[in-house]
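Undergrad: got a predicted structure plus its sequence, pasted below:
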Amino acid sequence: MAYKIKDTTCIACGACVCECPNHAISSQDFASVIDPAKCTECVGFFAEPQCVSVCPIPGTCIINQDLPRYAAV
Amino acid sequence: MEPGDRKALAQLRVLQPVSSQSGKAGCGSKSGNGKSGCGSAAGQGDLAPEIWEKVENHPCYSEQAHHHYARMHVAVAPACNIQCNYCNRKYDCSNESRPGVVSERLTPQQAAKKALAVASAIPQMTVLGIAGPGDPLANPEKTFGTFELVAQAAPDIKLCLSTNGLMLPEYVDRIQSLKIDHVTITINMIDPRVGAEIYPWIFFNHKRYTGVEAARILSERQLLGLEMLTARGILCKVNSVMIPGVNDHHLAAVNKAVKQRGAFLHNIMPLISAPEHGTVFGLRGQRGPTAQELKALQDGCEGEMNMMRHCRQCRADAVGLLGEDRSAEFTTEKIQEMDVTYDREQRLAYHERVDLQRSAAEAARKAELETLAGEHSRISILIAVATKGGGRINEHFGHATEFQVYEVGVGGVKFVGHRRVDHYCEGGYAAEDSLETVVRAINDCVAVFVARIGGCPREGLKAAGIEPVDRFGLEYIEQSAIVYYREYLTRVRSGEIKHIERGDADIRQGALIA
């Protein structure tokens, strides 16, 4: 039901923090963190998940496989 | 800057440097809107007084000012909205000196305190810039928040920002209201097909665009932003990265397009693409230009508008004169402990002294240039200079981390670039390969001016056909260059030496450890 950010590759630039329509992302010291309770995968807001689209590091904003897809809920 | 401050500064200018490069293409060029002139050259030239006032103490906008004045960048803007093939946002190392790289990120409050601390400790500091490490306008609240705090506390510090231009049209009004009167836009292309080779994607209006479409949107926004800024009288410099085989031939068209839209200065920089930086270009083996390729392009564009040749492609958190980086003295930790008092009077007194020095150097150059009146020769030569700033030959050969390169001909002397080199003296003893590095970097020069030089490198330079010259130690650079040139012509005519065209030189890639 949410995206998550790989803290091993995130550079904590914060680009995703400003773009998230749900204000689900916060800036930590070394990586940005998505609150899975707030993430809607941008469904209802935008055609593409904003964190994925703005992230400069490929493969960093990824679907959290442990949770069901938001659209399917 | 408040009107009153402007007046106070204006009154301090006892002597205005007045000069122009005589007989050089570009200086006399007429631009459609009267904005073009000789800003990057020796002095005021044919610049309108209001433009000269804005650039005369700005190290990144005036070649002459960069010998005397310092800038600082504060890294408050980590987010970016485009991807460039010459940039790798993952790389972050204190030993790496190039755009997009910083050691630590600051909040607006930390950045403002840092600006005041640096301005108090380094009276040369006249300019506060925000250049990243991402894009300032992708972080508008942090960027403008910082500027607001600094403008309140230190209204005499000039504010400037450097952007990729994607969000520029949105923020032109805010830029104007904050009196940010210098903006740099990086424009590498006006043809989206060229752009598609440079930019893999942009993020705009909540959508990621790729390919030609991305480049088309970016280019339209850049040129629109440029037009909007110049229409409001805000000075715009355009940066372009020269990428051989990608946009090198295209940059002449870019030069025309930005000049048409009122850009005041064009800074064509060499691509930095060492593979260890991990950029797309670096990993693909895309090479940067040689020194002579870069100079030829800059020379070719000079008839169109002012060219900037003193850019050091510095880090987004650099502090100090161009070519030096004192950022390690001003880490967040150290600044938190500092008791900062902003002494404006002391700064103004320093600036007054610098004005007098600049005027004296300028007078010496002009007087010396008159001795070349009536000379006819097609010979022009390049001279490398070891300097710590102040417009004088005041650096030991072995301590130089860069050489400034001047071109001299019968028309006059002009700064044409700088070459980074490793310290020749490393760990107290000189290494042979270090001298080779220096020779490669200044191979197109006939002489190198130094304050002092040891016997060993002296012989090595001679063997490479570069004359080491230490008799002008502590003298003014431009005046000495003219003296040397005049004697050079005499020596050629008497047959003592033979003038031969020098070869090309390397532009050094990799880390400058400051």
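TA: That came in fine, so what should we check first?
Undergrad: check which helix or strand covers the residue nearest to B:Phe204 when sequence neighbours are not counted.
TA: In this structure, B:Phe204 finds its nearest non-sequential neighbour in B:Ile217, 5.8 Å apart by C-beta to C-beta, 6 or more residues apart in numbering or on different chains. (C-beta placed from N, C-alpha, C; glycine too.) B:Ile217 is located in helix B:211-231, with elements delineated by DSSP states H and E.
Undergrad: please apply the same query to B:Thr341.
TA: With DSSP H and E as criterion, B:Thr341 is part of no helix or strand.
Undergrad: what is the neighbour count of the closest residue in space to it that isn't next to it in sequence?
TA: Leaving aside its sequence neighbours, B:Thr341 sits nearest to B:Ser120 (C-beta to C-beta, 6+ apart; 6.5 Å). For B:Ser120, the count of nearby residues is 18 (other C-beta atoms under 10 Å in any protein chain shown).
Undergrad: quick check: B:Ser120 is in a helix.
TA: Yes. Assessed by DSSP: H, G, I helix; E, B strand; the rest coil, B:Ser120 belongs to a helix.
Undergrad: residues in contact with it?
TA: B:Ser120 is in contact with B:340-343, B:347, counting by C-beta atoms under 8 Å, 6 or more residues apart in numbering or on different chains.
Undergrad: residues from chain A in reach of chain B?
TA: Residues of chain A lying near chain B by C-beta under 8 Å from any C-beta of the partner chain: A:9, A:11-15, A:17-19, A:46-48, A:50, A:53-54, A:56-57.
Undergrad: among the residues you listed, name the buried ones.
TA: A:11-15, A:17-19, A:50, A:53-54, A:56-57 (16 or more other C-beta atoms under 10 Å in any protein chain shown).
Undergrad: thinking again about what came up before, mark which of the contacts of B:Ser120 are buried, thanks.
TA: Applying 16+ other C-beta under 10 Å to the contacts of B:Ser120 flags B:340, B:347 as buried.
Undergrad: sorry, back to before: which residues are in contact with the residue nearest to B:Phe204?
TA: Taking C-beta under 8 Å, 6+ apart, one finds B:166, B:202, B:204, B:209 in contact with B:Ile217.
Undergrad: chain A versus that one, what's the distance?
TA: According to C-beta to the nearest C-beta, to the nearest Å, B:Ile217 stands 14 Å off from chain A.
Undergrad: can you give me the pLDDT of B:Leu348?
TA: Here the pLDDT value assigned to B:Leu348 is 85.
Undergrad: what about it, which SS state?
TA: Under three-state DSSP, B:Leu348 falls in the helix class.
Undergrad: counting neighbours, what do you get for it?
TA: B:Leu348: 17 surrounding residues under other C-beta under 10 Å.
Undergrad: ok, now how distant is the nearest residue to B:Tyr171 once chain neighbours are set aside from chain A?
TA: Spatial nearest neighbour of B:Tyr171, chain neighbours left out: B:Leu137 (5.5 Å); criterion: C-beta to C-beta, 6+ apart. Plainly put, B:Leu137 is 12 Å away from chain A if you go by C-beta to the nearest C-beta.
Undergrad: with adjacent residues omitted, what lies nearest to B:Gly473?
TA: Take B:Gly473 and drop its neighbours on the chain: the residue closest to it by C-beta to C-beta, 6+ apart is B:Ala451, 4.3 Å away.
Undergrad: correct me, but that neighbour touches B:Val469?
TA: No. The pair B:Ala451 / B:Val469 is not scored as a contact, 10.6 Å apart, by C-beta atoms under 8 Å.
Undergrad: those strands in chain A, which residues are they?
TA: Remark: strands assigned in chain A by DSSP state E are A:3-5, A:25-27, A:32-34, A:61-63.
Undergrad: distance check, B:Thr401 against chain A.
TA: Remark: distance between B:Thr401 and chain A (C-beta to the nearest C-beta) = 29 Å.
Undergrad: residues in contact with stretch B:384-391?
TA: With contact meaning C-beta under 8 Å, 6+ apart, stretch B:384-391 is reached by B:64, B:67-68, B:321, B:357-358, B:361, B:393-397, B:399-400, B:403-406, B:419, B:442, B:445, B:447-451, B:466, B:476-478, B:481.
Undergrad: now with 6 Å?
TA: Here stretch B:384-391 makes contact (C-beta atoms under 6 Å, 6 or more residues apart in numbering or on different chains) with B:67, B:321, B:361, B:393-395, B:397, B:400, B:403-405, B:442, B:445, B:448-450, B:476-477.
Undergrad: now stretch A:34-54
TA: Outside stretch A:34-54, the residues touching it (C-beta under 6 Å, 6+ apart) are A:2-5, A:15-16, A:19, A:21-22, A:24-25, A:61, A:70-71, B:203, B:206, B:208.
Undergrad: swap in stretch B:283-292?
TA: With contact meaning C-beta under 6 Å, 6+ apart, stretch B:283-292 is reached by B:242, B:244, B:270-271, B:273, B:504-505, B:507.
Undergrad: also stretch A:7-23?
TA: Contacts to stretch A:7-23, defined as C-beta under 6 Å, 6+ apart, come from residues A:25, A:27, A:30-32, A:38, A:40, A:45, A:50-51, A:54, A:57, A:60, B:78-79, B:89-90, B:134.
Undergrad: same check on stretch A:59-70?
TA: Counting by C-beta under 6 Å, 6+ apart, A:1-6, A:9-10, A:40-41, A:43, A:51-52, A:55 sit against stretch A:59-70.
Undergrad: show me the two of those that sit farthest apart.
TA: A:Thr9 and A:Val43 (24.8 Å; C-beta to C-beta).
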